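Participant: below are the sequence and a predicted model for it; my questions follow.
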Amino acid sequence: MRKTRVMFAALLLVLGVTALALTATGTAAKRAVYKAAWIYVGPHNDGGWSQAHNDGRLYVQKALGSKVQTTFKENVPEGPQVCQVIESLIRDGNKIIFATSFGFQTCMASEAKKHPDVYFEQATGTIQLKNMAEYFGAGEDANYLAGIAAGAATKKNTIGLVVAFPIPEVIRHTSAFTLGARTANPNAKVKIVWTNSWFDPAKEKKAAESLVAAGADVLAQNVDSPATGQYAQSKKLPWVGYDSDARKFAPTSWLTAPIYNWGPYYLSRVKAAMAGTWKTSFYYGNLKDGFVKLAPFGPGVSVKTKALIAAKLKALKDGTFYEFAGPLYDQSGKLRVPKGKRLSVKDLYAVNWLVKGVIGSPKG
């Protein structure tokens, strides 16, 4: 009898250990799901910048499936409140955080110092830390190519460009776009209106209206919503978008747009974080690696214009052409880049002047 009791007790012990092991295994499986988060300055479906980043997030989720759990916070204002958003994401267990707007950088840096066990990735920024990387790409090259389409389309030699903030990123994109426009049409001028916002459809539409009133017969943008394009469509004017393929918003006005392919970069960084091989870096993608590109052409882009764009695209890829090679003059006619010199990425990140052909102040 006593022997039976002992055997029964042993059996209970084995079952208990097995149950604990199964519970531990289940818990470990749950822990194995890696959490990654993105922070957007606008809606995830804005038709532009934030949507392009969200497409990149979905690319990661599709590629890694159940191994990863991705999430996002949208419509996050630039400023100190970003710190609160980051803290909440970390409390939720996210181990890598991608911030997708320049104004998020201050909080990203301060939070990176507070949380050395979390990886931080800042788009379009300038600060690198041991656990904080920077990433962007040569959007200026794609803007140059898009500018060719706009320059070829204008009949009044006046293009209206709706721009966000007077920071180096937007300034270099504006200059590149203008250089492209003047490649197709040496008499073209680009008038700019600052909205001082990345995403504000009402302001963007108002800016577009003012540019058309000032004589622009082609519209373009370096802001996030398709409002400029929708206004162009209503006025039957050609339009160059930005960030995403947004032709559905203005199908007959659409020319093209400089766009970004964030997915492969995001996937590589999440994979590295999961494998424990992540290291801080500064990534600057380009046309050659497919990070930046042009969206499909609209019906208003001629065969001749497509050929010119294709030729410049090839030259940019093989290094035989660079839009920011001298001689380059600013709006006042001052020589800024002498013949034989080229602006480096470091120069572009500090540029505070606009090229000849732009009408409007680089100071906003």
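Facilitator: Structure received.
Participant: residues contacting the nearest residue to Gly229 once chain neighbours are set aside?
Facilitator: What sits nearest to Gly229 in space, not counting adjacent residues and going by C-beta to C-beta, 6 or more residues apart in numbering, is Ala250, at 3.9 Å. Placement of C-beta: from N, CA and C, glycine included. By C-beta atoms under 8 Å, 6 or more residues apart in numbering, Ala250 lies in contact with Pro226, Gly229, Gln230, Ala232, Gln233, Trp239.
Participant: which SSE is the fourth one in?
Facilitator: Secondary structure from DSSP states H and E places Ala232 in helix 227-235.
Participant: how far does that helix sit from the chain's center?
Facilitator: 23 Å (C-alpha atoms, centre = their mean, to the nearest Å).
Participant: my guess is Ala150 contacts Thr178, does it?
Facilitator: No: in this structure, Ala150 is not within contact of Thr178 by C-beta atoms under 8 Å, at 9.3 Å.
Participant: what sits in contact with each of those two?
Facilitator: Common neighbours of Ala150 and Thr178, counting by C-beta under 8 Å, 6+ apart, are Ala188.
Participant: next helix or strand past the lowest-mean-pLDDT helix or strand in the chain?
Facilitator: Counting by mean pLDDT, DSSP states H and E, the chain has its least confident helix or strand at helix 2-31, which shows a mean of 44. Next helix or strand after helix 2-31 toward the C-terminus (DSSP H and E): strand 34-39.
Participant: and stretch 122-139, what's its mean pLDDT?
Facilitator: Mean pLDDT, computed over stretch 122-139, is 97.
Participant: i'd like the first residue to be 390 from this point on
Facilitator: Renumbered: residue one is now 390, and that last one reads stretch 511-528.
Participant: identify each buried residue in it, please.
Facilitator: Within stretch 511-528, the residues scored as buried using 16 or more other C-beta atoms under 10 Å are 511-514, 520-528.
Participant: I'd like these laid out as JSON lines, including secondary structure and distance to Val422.
Facilitator: Below are those laid out as JSON lines (DSSP: H, G, I helix; E, B strand; the rest coil; distance: C-beta to C-beta, whole Å):
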{"residue": "Gln511", "secondary structure": "strand", "distance to Val422": "25"}
{"residue": "Ala512", "secondary structure": "strand", "distance to Val422": "25"}
{"residue": "Thr513", "secondary structure": "coil", "distance to Val422": "29"}
{"residue": "Gly514", "secondary structure": "coil", "distance to Val422": "28"}
{"residue": "Asn520", "secondary structure": "coil", "distance to Val422": "21"}
{"residue": "Met521", "secondary structure": "strand", "distance to Val422": "24"}
{"residue": "Ala522", "secondary structure": "strand", "distance to Val422": "23"}
{"residue": "Glu523", "secondary structure": "strand", "distance to Val422": "27"}
{"residue": "Tyr524", "secondary structure": "strand", "distance to Val422": "24"}
{"residue": "Phe525", "secondary structure": "strand", "distance to Val422": "29"}
{"residue": "Gly526", "secondary structure": "strand", "distance to Val422": "30"}
{"residue": "Ala527", "secondary structure": "coil", "distance to Val422": "35"}
{"residue": "Gly528", "secondary structure": "helix", "distance to Val422": "34"}
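Participant: how about those in a markdown table, adding distance to Asp589?
Facilitator: As requested, these are arranged in a markdown table below (distance: C-beta to C-beta, whole Å):
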| residue | distance to Asp589 |
| --- | --- |
| Gln511 | 23 |
| Ala512 | 20 |
| Thr513 | 19 |
| Gly514 | 22 |
| Asn520 | 33 |
| Met521 | 29 |
| Ala522 | 29 |
| Glu523 | 26 |
| Tyr524 | 25 |
| Phe525 | 22 |
| Gly526 | 25 |
| Ala527 | 26 |
| Gly528 | 20 |
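Participant: quick one: contacts for Trp583?
Facilitator: Per C-beta under 8 Å, 6+ apart, neighbours of Trp583: Val552, Ala553, Phe554, Pro555, Ala596, Gly749, Gly753.
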